[in-house]
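> test case, fold it:
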Amino acid sequence: GVLGVFGLGGFTVAFPDYEKGSQFFDNWKQRDKAFLDIAGNKMDFISMHLYDFPNFPGGPGGQHQIQYRKGSNMEATLDMVEQYMAYKWGSIKPLVISEYGSQLQGSFGTKWTPQRDWLCLKAMSSMLMSFMERPNRIDKAIPFIPLKAEWGRISDTIPYYWRLLRQAKEGEGETGEQWVYTEMVKFYQLWSDIKGTRIDSWASDMDIQADAYVDGKDVYLILNSLEFSPTDIDLSVLGKGSNAVTSVNIKHLYPNAQGKPILDNSNRTTLPSSVVLGSESTMIIKVSHQNNVAINNINQESKHYASAVVKNIAANATQFFTINNVDKGANGEATLRLGVGRPHGKSLTPVVTVNGNRVAIPTDFRGYDQKNGGLGRERFFGVIEIPVPYNNIKKTNNIEVTFPDSGGAVSSLTLQNFKMSKRITR
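Next comes the predicted model:
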């Protein structure tokens, strides 16, 4: 558990592999659900750790496995906890992510390298993007970056693997006993400026996470890639009107050809029409204007939870869900979030109807495909984010989900309702 300034919380599951067990979701039922049933209502907050496993030993041919939480798996994990609390108590306790980053099992017994720090940096930025989508749910999220961590030293030559500071002599071609920053400091250098009021942002690709904030004359546009290769991003900024751009600062944290993290910080006078976002990289574009940026429209998000939890999937057997009390606006958007745990190779594109109308199921979801050519997670556990035409949404919504094959289970079904004061262009 965690004792914080805001009370008592727990139970701080280190690796919430909810889908695991001899039956799908045994881990969930025997651990987190059991804790919530027994002690959850006495907690002030619910806490957990979230880690990527970017170099887990034991893959075929001695290769390292990449077992990511970032992307669809983390969305499914958080949705499952939120939905169970909503189902159990009719309200959702705050979440505290008391550690997040990367585990480094494939690097155990080795000395510090900048490349190893990159494995943590790329995980932390991706996860932070998901946390920032839940400002009303997450009270605190703490990246796992101890300082010198001499308490965790492995041996005279092998220090602790996660540190903000190292001795100069640990760097290639460097000497001296003095303490200097590891590459982990780039996380803080990248994110240091972000502040302001969150504004609407959107990307056409599920693997590009986008977010944006306005602070006076400054707009911060954040782009994070879940792709394994560099990506061209078209920057279409809508709604800025006649407010002239005075300067643009671009911070880009990406790996070089050797896998070492580079934080590029550049200034220019105009906003480029497109940028190249590095592999699994993050870019923060600060656009400064002549006058304060006016925010005169509202995009109000609410999230609604179906009452059913963990429904086993049988071939061609329709599952029925109800989502109530949706306050639909005259303009807006809706996303149905279907959490599923399934053996690899099973369908991730069920037939879904909302109030009798069939909706199109995307074949893409956040992040990699989890199987990753046999070097990924043992099972698929993730959220499929399904856009629903806004005219299909009602106050009470009947949803039907039918998979063509058996195996696994539906872990959560939630609806994001974005009620907007004006029609928006995508």
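> find the nearest non-adjacent residue to residue 263, please.
residue 186 (4.6 Å; Cβ to Cβ, 6 or more residues apart in numbering). Just so you know, the C-beta spots here come from the backbone N, C-alpha and C atoms, and that holds for glycine as well.
> what helix or strand is the one you found on?
Using DSSP states H and E, residue 186 maps to helix 185-191.
> pLDDT of the helix or strand following that helix, averaged?
Per DSSP H and E, helix 185-191 leads on to strand 197-199 as the next helix or strand towards the C-terminus. Averaged over strand 197-199, pLDDT sits at 97.
> name the residues of strand 197-199 that are buried.
If you call a residue buried by 16 or more other Cβ atoms under 10 Å, then strand 197-199 has these buried ones: 198, 199.
> C-alpha coordinates for the helix or strand following that strand, PDB please?
Per DSSP H and E, strand 197-199 leads on to strand 208-215 as the next helix or strand towards the C-terminus. Provided in PDB are the C-alpha atoms of strand 208-215 (Å, rounded to 0.1, in the frame of the first residue of the first chain):
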ATOM      1  CA  ILE A 208       0.000   8.900 -32.700                       C
ATOM      2  CA  GLN A 209      -1.100  10.300 -29.400                       C
ATOM      3  CA  ALA A 210      -1.900  14.000 -29.500                       C
ATOM      4  CA  ASP A 211      -2.600  16.500 -26.800                       C
ATOM      5  CA  ALA A 212      -2.600  20.300 -26.600                       C
ATOM      6  CA  TYR A 213      -2.700  23.200 -24.100                       C
ATOM      7  CA  VAL A 214      -3.100  26.900 -24.200                       C
ATOM      8  CA  ASP A 215      -1.300  29.200 -21.700                       C
END
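> and strand 208-215, which residues are buried?
208, 209, 210, 211, 212, 213, 214.
> pretty sure the last one contacts residue 293?
Yes: with the criterion set as Cβ atoms under 8 Å, residue 214 and residue 293 qualify as a contacting pair; they are 4.8 Å apart.
> count of neighbours near the residue nearest to residue 263?
The local packing of residue 186 (other Cβ atoms under 10 Å) involves 21 other residues.
> for residue 21, same thing?
14.
> mind checking pLDDT for the closest residue to it other than its chain neighbours?
Once flanking residues are discounted, residue 21 sits nearest to residue 27: 5.0 Å by Cβ to Cβ, 6+ apart. Here the pLDDT value assigned to residue 27 is 97.
> go on, residue 5?
57.
> skipping its backbone neighbours, what lies nearest residue 426 in space?
Nearest to residue 426 is residue 202, by Cβ to Cβ, 6+ apart, at 5.8 Å.
> what's the separation between residue 211 and residue 315?
As for residue 211, its distance to residue 315 is 39 Å (criterion: Cβ to Cβ, to the nearest Å).
> same thing with residue 296?
51 Å.
> what's the answer for residue 345, then?
Taken as Cβ to Cβ, the span from residue 345 to residue 315 is 14 Å.
> I figured the residue nearest to residue 426 hits residue 418, correct?
No: shown here, residue 202 and residue 418 do not form a contact pair, counting by Cβ under 8 Å, at 10.2 Å.
> which of these two has more neighbours?
Using other Cβ under 10 Å as the criterion, residue 202 and residue 418 rank with residue 418 on top: 17 against 13.
> residue contacts, the more buried one?
299, 300, 301, 332, 333, 334, 335 (Cβ atoms under 8 Å, 6 or more residues apart in numbering).
> what about the helix holding residue 186, average pLDDT?
pLDDT averaged over helix 185-191 gives 98.
> packing partners for it?
Counting contacts by 3 or more Cβ pairs under 8 Å, 6 or more residues apart in numbering; DSSP states H and E, helix 185-191 is packed against helix 114-132, strand 245-255, strand 261-268, strand 282-289.
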